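Asker: Sequence and predicted structure below; questions after.
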Amino acid sequence: MALLPDLARSPALREFTYWMHRYRRTWRGTVVVNVANPLLFLAAMGVGLGRLVDDGGSDHLHGATYLAFFAPGLLAAAAMQNAFLDSAGPVFQSARQRGNYRAAAATPMRPADILTGHLLFTGFRVLTSALAFVVVIVATGAVPWRHSLLLLPAALLTGLAFAAPVAAWAVTVTRSTRINGVFRFVLLPMYMFSGTFYSTTQLPDWLRAVVSVTPLYQGIQLCRELALGTAAPLDSGVHVLYLAAMATAGLLLGRRTYTRHLYG
Amino acid sequence: MTVLSAPHTAVHHGRLRGAGNMVARNLLIYRHTWYLLLAEVFEPVLYLLSIGVGIGQLVGRVPGLGDSPVAYSAFVAPALLATAAMNGAMNETTFNMFAKLRLNRTYESIRATPMTAQHIALGEALWAVLRGTLITTGFLVVVSVLGLAHSAGILLVLPGAALIGFAFASAGLVVVTYLRSWQDFQFIQLAMLPMFLFATTFYPLGVYPRWLQIVVECLPLYQSIELVRQPSLGQVGFQLLVPVVYLTVFGAVSLRWAMRRIDRALTR
Amino acid sequence: MTVTISSELLVQASALRKVYDSGFVAVDGIDFQLRRGEAFGFLGPNGAGKSSTMRMLGCVSPLSAGSLRMLGLETAEHGPEIRARIGVVPQDDTLDTELTVRENLLIYGRYFGLGRAVIRERAERLLEFARLTDKADAQVEALSGGMRRRLTIARALVNEPEILLLDEPTTGLDPQARHLLWERLYQLKADGVTLVLTTHYMDEAEQLCDRLVVMDAGRIVAEGSPQDLIRTHATREVLELRFPPGEQQLTAGRLAALAERVEVLPDRVLLYCEDGETALAAVHAERITPLTALVRRASLEDVFLTLTGRTLVD
Ligand SMILES: Nc1ncnc2c1ncn2[C@@H]1O[C@H](COP(=O)(O)OP(=O)(O)O)[C@@H](O)[C@H]1O
Ligand SMILES: [Mg+2]
């Protein structure tokens, strides 16, 4: 109990409140990207393309239907995309044109609090979008509900593994085209090749080695193991540790870049 | 400096001359930022390599248009090509034009010259078609290098891409006049993404129940994909007139509407 | 060579009205005429309807009522032809931010249908004129406010216009940039370009305009040369008095008898008179002791105050 009043007064929470306040005006518009976008992919690829794939009867999917295979992968990929969208552009704008970071830095809030507050908000957004998605995939029967509970923290962890390093980088960005560039040339290829749409076992060995060190691959594997009920403590533990390490490294790096940028 | 010395020459732009000025302006800018076009070639190539090849292994062959089934990547490639032409043109008349129309007020300064809203609309559409065709050409080169161009009919793809570009550039011109802020672009995405996903890009029409097939057949992207897919798979015939007529009418009607809307948007 | 009256009149506006879609009447029936070579000004506070008038003159904003002939042509029917022969400097710079300084001039010339060689030659001359030659290859975003303004003016001259429309050419510039700009405008005037400008700075109107109209709430409230207007609507000199807070109201009544007219502003009292020193002596004789006293010549600001009871810049 003693923790709660402290938390409510914490400066990071004030930054979180700022973002929630803005969010109350804009959430309707963002539903389109965060929720509709993955659900459309789920319907088109999981269901439509699934009919072709299931007819083909490949053993790369280990006996799962294509929808059951694809859905958890898409969950992780959507967590990545939403985390990026909420931490790259908004951090860049806050630090540059909009100036609300500078305004916040002029209060007793420390740069670390501003970063933490922003990540709390990004986490909130990733989690709510994931919740909507998980409800749908459980309802369609693609994932049994018993397997679905751990999917939410897994998606959140995947999101934070991106949000923290991306925010740490975005605060240093000087031109908005960079952000589009990273989305196009880093995130999109990762999305395409990290096993969202098909098993990485289909890839040539060298590409598979490259892919397996990407955070998205780790997130997808974690979500997929949980959803298909094939999670094993060792394998899944490695994924969790990897993602947690990314998030922590991003947070530590971000404290430095935020401090340098906001006080520099 | 004497300003009044030169004899005055009456200037009344022909339509194409005026439109050409817009194209000249945009070319000047793309001299510095041509690599942005490469980024737009990159995206369909990624889809092709990932989904076309990766999913292709899972799917095997799909029932094609004629009698023989075709490899999955050969089925997907033309659809991605049509989509590239669509996006290449429409991104220009929505994203890029929005800034010029609402934020930088570029067109306001152009309208202070003998240029009219008609010149501006026609010029931007022309430029967008050029851009969409260029992107498609880039993608086509990749497709050919990957050995996915099976028929000489593939050469029909370029005029096809220009027509697709024209249809969607004009539609984009209409849409951009209704946008109030960057947030509104979400609504474009809300229309374009389902169209991209469901207009037989990744699997044939036969997957759907009949009523849904009819809905899909009415989509401009479906018609665009047909225009490219049929010749790519070696089917060249009179049935191609359907998408040709559809896209021509769609583009022409949109362009007329856009000219009126842009004139109004620039008149206070 | 004889010049007929009709060719002399470059602009004839009568009963000009602008009503926006919202129903707001921005320009409420104004008449004015403009001769070749003149420098003509619209002086008025924000919201007076100056920019609305300028946009109609620029043939980009349709008239709601009245008639407007420019260069002998009806604006409603001949927009593109008229625009080919005028230059426009809008209130907010609308430079093409995706292009460099020189490219802005080159492309703008094309919009007028000019040949490449002609544009190239003019662009260099105009860069010189605008003192931007060493910035020719810079991005527009890198320019200072004054430089942008000069580039906008240079751009408006690329078609060698017969009339140059300038909407608040120096608003927002620092004094040095303003003076440089004024000097450039004198140059144009000396070259015979007909200037139409709007401003809410009376010093600018006095310096640049041969003739001006004072606008308020969409109407013209006075017209003439700056000297005429001051002579007609103000006295020769003005005595400005400041008082300690609270005392102004008490003394204002006693001052009324000491001048032709007294204007009480929030922070000072103005006494309109032929001779300021005499009036000040009278003030002292009445044992009124202001904090400060200043005698100055009457200006257009006073004209505006007399006509509307308000100050130009608030
Ligand atoms: N497009 C418009 N729609 C509605 N009202 C307008 C528009 N443009 C200007 N106004 C209004 O018309 C009035 C006159 O504006 P304007 O001509 O810009 O005045 P000025 O240039 O003298 O400051 C203002 O009250 C302004 O709010
Ligand atoms: Mg104005």
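Answerer: It's in. Ligands and ions are numbered 1, 2, ... in the order given.
Asker: what does stretch C:120-128 contact?
Answerer: The contact list for stretch C:120-128 (Cβ atoms under 8 Å, 6 or more residues apart in numbering or on different chains) reads B:1, C:101-102, C:105-106, C:109, C:114, C:133, C:136, C:154-155, C:157-158, C:160. In short, each C-beta sits where N, CA and C put it, glycine included.
Asker: Can you spell out which helices and strands pack onto the worst-scoring helix or strand of chain B on mean pLDDT?
Answerer: Lowest by mean pLDDT, DSSP states H and E among the helices and strands of chain B is strand B:61-62, with a mean of 80. On a contact count with 3 or more Cβ pairs under 8 Å, 6 or more residues apart in numbering or on different chains; DSSP states H and E, strand B:61-62 meets strand B:70-71, helix B:72-91.
Asker: Recalculate using a threshold of 10 Å.
Answerer: helix A:50-56, strand B:70-71, helix B:72-91 (3 or more Cβ pairs under 10 Å, 6 or more residues apart in numbering or on different chains; DSSP states H and E).
Asker: so which of those comes closest to ligand 2?
Answerer: helix B:72-91 (35.0 Å; Cβ to the ion).
Asker: anything in the closest one near chain C?
Answerer: No: Helix B:72-91 does not reach chain C (Cβ under 10 Å from any Cβ of the partner chain); its nearest approach is 15.7 Å.
Asker: Skip ahead from that helix and say which helix or strand is next.
Answerer: Going down the chain from helix B:72-91, the next helix or strand is helix B:97-98, by DSSP states H and E.
Asker: Identify all contacting residues around stretch A:44-51.
Answerer: A:39, A:42-43, A:53, A:65-71, A:73-74, A:137, A:140, A:142, A:196-197, B:51, B:55, B:58-59, B:72, B:193-194, B:196-204, B:206-208 (Cβ atoms under 10 Å, 6 or more residues apart in numbering or on different chains).
Asker: same thing but 7 Å
Answerer: A:65-67, A:70-71, A:197, B:55, B:197-198, B:202-203, B:207 (Cβ atoms under 7 Å, 6 or more residues apart in numbering or on different chains).
Asker: quick one, strands of chain C?
Answerer: C:9-19, C:25-35, C:39-43, C:65-70, C:73-74, C:86-89, C:163-167, C:194-199, C:211-216, C:219-224, C:237-242, C:261-264, C:269-273, C:292-297 (DSSP state E).
Asker: Does the fifth one reach chain B?
Answerer: No: using Cβ under 7 Å from any Cβ of the partner chain, strand C:73-74 stays clear of chain B, coming no nearer than 10.6 Å.
Asker: The third one now?
Answerer: No: Strand C:39-43 stays clear of chain B (Cβ under 7 Å from any Cβ), getting no nearer than 13.9 Å.
Asker: just so I know, which of the helices and strands packed on strand B:61-62 lies nearest A:L115?
Answerer: Of all those, helix B:72-91 sits nearest to A:L115, with 33.1 Å by Cβ to Cβ.
Asker: and the closest one, which residues are buried?
Answerer: Across helix B:72-91, burial judged by 16 or more other Cβ atoms under 10 Å in any protein chain shown covers B:72-91.
Asker: Check stretch B:252-268 too.
Answerer: Quick answer for stretch B:252-268 (16+ other Cβ under 10 Å): B:254-255, B:257-259, B:261-263, B:265-266.
Asker: do the same with stretch A:124-132
Answerer: Buried-residue list, stretch A:124-132, by 16+ other Cβ under 10 Å: A:124-130.
Asker: ok now that stretch, how far from the chain's centre?
Answerer: 10 Å (Cα atoms, centre = their mean, to the nearest Å).
Asker: any bit of it sitting next to chain B?
Answerer: No: using Cβ under 7 Å from any Cβ, stretch A:124-132 stays clear of chain B, with a minimum separation of 14.2 Å.
Asker: So what touches that stretch?
Answerer: A:34-35, A:75, A:78-79, A:82-83, A:86, A:152, A:155-156, A:159.
Asker: got a list of what the residue nearest the centre of chain A touches?
Answerer: Nearest to the mean C-alpha position of chain A, by Cα atoms, centre = their mean, lies A:G159 at 2.3 Å. Counting by Cβ under 7 Å, 6+ apart, A:G159 touches A:79-80, A:82-83, A:122-123, A:126.
Asker: How about it, nearest residue that isn't a chain neighbour?
Answerer: Sequence neighbours aside, A:V126 is the residue nearest to A:G159 in space, at 3.4 Å (criterion: Cβ to Cβ, 6 or more residues apart in numbering or on different chains).
Asker: gap between the host helix or strand of that neighbour and the chain center?
Answerer: Per DSSP H and E, A:V126 falls inside helix A:111-139. Averaging C-alpha positions (Cα atoms, centre = their mean) puts helix A:111-139 8 Å from its chain's average.
Asker: One more: stretch C:77-97?
Answerer: 17 Å.
Asker: how close does the closest residue to chain B within the stretch 201-314 of chain C get to C:L106?
Answerer: Across the stretch 201-314 of chain C, no residue is closer to chain B than C:G218, which sits at 15.4 Å (Cβ to the nearest Cβ). Distance of C:G218 to C:L106, computed by Cβ to Cβ, to the nearest Å: 39 Å.
Asker: Could you do C:T133 as well?
Answerer: 15 Å.
Asker: Name the residue in these two with the higher neighbour count.
Answerer: Ranked by neighbour count (other Cβ atoms under 10 Å in any protein chain shown), C:T133 and C:L106 place C:L106 first, with 20 against 14.
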